[in-house]
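K.L.:
just coords:
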């Protein structure tokens, strides 16, 4: 897909990591705020997007504000950014992305959404017709490059100012090598975190669903579990 | 389920780890031989099962034989053992277990089968009507206690005499606490390996499918990747 988009001048392979502007759709949620916080600390301009510009601005201010952190409507975040993280609820995922398809065209979209249900026994994966949230994003964003990543990161640890290092690997999935390489590099900017290529997008469903297992592990062991890949 | 089986006297909670006899269905395959090798080294009597008694005996002899390693028909392995590992191909999984349902009744069955397909792009998960291989096993073995485990273990490393420590955690999934505790203990007998509770059986599908991601990782990084759970 990169080759087709190269004419637009913002294909993943043409982006310089240090200058990448990052938008976070649904950036007022815990996961979105946590990633926004860590990536602005890493030196990126980050724009928190929300359905409410006021809530987005408040979230940016609450995280310390400053010249690198900004907030606005999801559409604004999508338009201003080079790389857009979808940290939105599974409920409404498809429609929200479809509404932003034009603003997200020729951009790299990182989907970190986990389609999970919860009941008395804990979490379980919700079956997704497209195979995964990331594949659903790719289906409704045909002019964007979609990568799956950041599924297993604890929002609580991302937001905790006492935690200066995240102890986990981030599996990065996608069909475009330049795009997955860039997201691996972005993940590596957060101290302790390492991006590891995790396969093509068709193998993203089980990575999203594995979050249900981490919920079970957290409950059993009173932990904030993550995963590390050995021998890599 | 344990409570219902307690009258039979072999419920998981009543087993003493050090005396557990382990059968390995499909034990002539790489995964089966690898687990048989490591578990006999750990001190268990292990019976390699196969559709061919001769091939099973040959596999046991090739692994060093001795009083702890034995081979025979799958039915013999199922009958003699307390704990039976299903290390059989996905193709035929359901029928093979259904045929052994009576021999496996009131036993702990560990399913380590990964329903994967392979094409030019690598591995991908095969959709299982029951949700996972382990849930399929539970469906055809209503009188057994089924646990999912050992999905991500590299057969090559298990079989390599130069490798004396396995660097990975084994996710152990099941709905019976005594059974998952016992399998966690068995996994912990193999040096370097650690058993970690990974959730209920309904969350086993993504753990099986994650093997496709490990195949992708192995290909990209020229590794024998495993996973570790952090903060546990």
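P.N.:
Arrived safely, thanks for sending. Since this is a predicted model, take the numbers as computed values, not measurements.
K.L.:
residues from chain A in reach of chain B?
P.N.:
By the rule CB under 8 Å from any CB of the partner chain, the part of chain A lying against chain B is A:121-125, A:167-168, A:171, A:173, A:196-200, A:202-203, A:205-207, A:209-210, A:212-213, A:215-217, A:220-221, A:223-232. Heads up, the C-betas are built off the backbone N, CA and C, glycines and all.
K.L.:
how much space separates residue A:222 from residue B:232?
P.N.:
When distances are taken as CB to CB, to the nearest Å, residue A:222 and residue B:232 turn out to be 9 Å apart.
K.L.:
quick one: which of the two has more around it?
P.N.:
The residue with the greater number of neighbours, taking residue A:222 and residue B:232 and applying other CB atoms under 10 Å in any protein chain shown, is residue B:232; the counts read 18 against 9.
K.L.:
pLDDT below threshold where in chain A?
P.N.:
Using pLDDT under 70 as the threshold, the predicted model of chain A has low-confidence ranges A:1-11.
K.L.:
repeat that for 50
P.N.:
Filtered on pLDDT under 50, chain A yields the residue ranges A:1-9.
K.L.:
longest helix anywhere in it?
P.N.:
In terms of residue count, the longest helix belonging to chain A (DSSP state H) is helix A:205-221.
K.L.:
which parts of chain A are strands?
P.N.:
A:22-25, A:46-50, A:69-73, A:83-86, A:108-111, A:116-119, A:122-125, A:145-148, A:168-173, A:193-199, A:226-230 (DSSP state E).
K.L.:
tabulate the ones you listed (a markdown table), appending mean neighbour count.
P.N.:
What follows is the strands of chain A, written out as a markdown table (neighbours: other CB atoms under 10 Å in any protein chain shown):
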| stretch | mean neighbour count |
| --- | --- |
| strand A:22-25 | 31 |
| strand A:46-50 | 30 |
| strand A:69-73 | 22 |
| strand A:83-86 | 28 |
| strand A:108-111 | 30 |
| strand A:116-119 | 11 |
| strand A:122-125 | 22 |
| strand A:145-148 | 30 |
| strand A:168-173 | 26 |
| strand A:193-199 | 23 |
| strand A:226-230 | 22 |
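K.L.:
how about those strands in CSV, adding distance to residue B:179?
P.N.:
As requested, the strands of chain A are arranged in CSV below (distance: least, CB to CB, whole Å):
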stretch, distance to residue B:179
strand A:22-25, 42
strand A:46-50, 46
strand A:69-73, 49
strand A:83-86, 39
strand A:108-111, 36
strand A:116-119, 22
strand A:122-125, 18
strand A:145-148, 33
strand A:168-173, 29
strand A:193-199, 30
strand A:226-230, 24
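K.L.:
for residue B:82, find the nearest of these.
P.N.:
Comparing the strands of chain A by their distance to residue B:82 (CB to CB), the top pick is strand A:122-125, with 29.3 Å.
K.L.:
run through who's touching the closest one.
P.N.:
The set of residues that contact strand A:122-125 without belonging to it, under CB atoms under 8 Å, 6 or more residues apart in numbering or on different chains, is A:115-118, A:205, A:208-209, A:211-212, A:215-216, A:219, B:199-200, B:202-203, B:205-206.
K.L.:
of those, buried ones?
P.N.:
Burial by neighbour count, judged by 16 or more other CB atoms under 10 Å in any protein chain shown, picks out A:115-116, A:205, A:208-209, A:211-212, A:215-216, B:199-200, B:202-203, B:205-206 from those.
K.L.:
nearest to residue A:100 among those residues?
P.N.:
Nearest to residue A:100 among the buried ones among the contacts of strand A:122-125, counting by CB to CB, is residue A:115 at 18.9 Å.
K.L.:
just read off the phi/psi values of that closest one.
P.N.:
Geometry field for residue A:115 lists phi and psi as phi -80, psi 90, criterion degrees, to the nearest 10.
K.L.:
cool, residue A:68 as well?
P.N.:
Per-residue torsions, residue A:68: phi -90, psi -20 (degrees, to the nearest 10).
K.L.:
can I assume it is in contact with residue A:48?
P.N.:
No. Using CB atoms under 8 Å, residue A:68 is not in contact with residue A:48, being 11.3 Å away.
K.L.:
quick one: residue A:74 from chain B, how far?
P.N.:
29 Å (CB to the nearest CB, to the nearest Å).
K.L.:
which one is that residue nearest to, not counting chain neighbours?
P.N.:
Nearest in space to residue A:74, with sequence neighbours left out and distances taken as CB to CB, 6 or more residues apart in numbering or on different chains, is residue A:49 at 3.9 Å.
K.L.:
the residue lying closest to residue A:178 once chain neighbours are set aside: how many residues sit nearby?
P.N.:
Once its chain neighbours are removed from consideration, residue A:178 has its nearest residue in residue A:13; the separation is 3.4 Å (CB to CB, 6+ apart). A total of 15 residues lie near residue A:13 under the criterion other CB under 10 Å.
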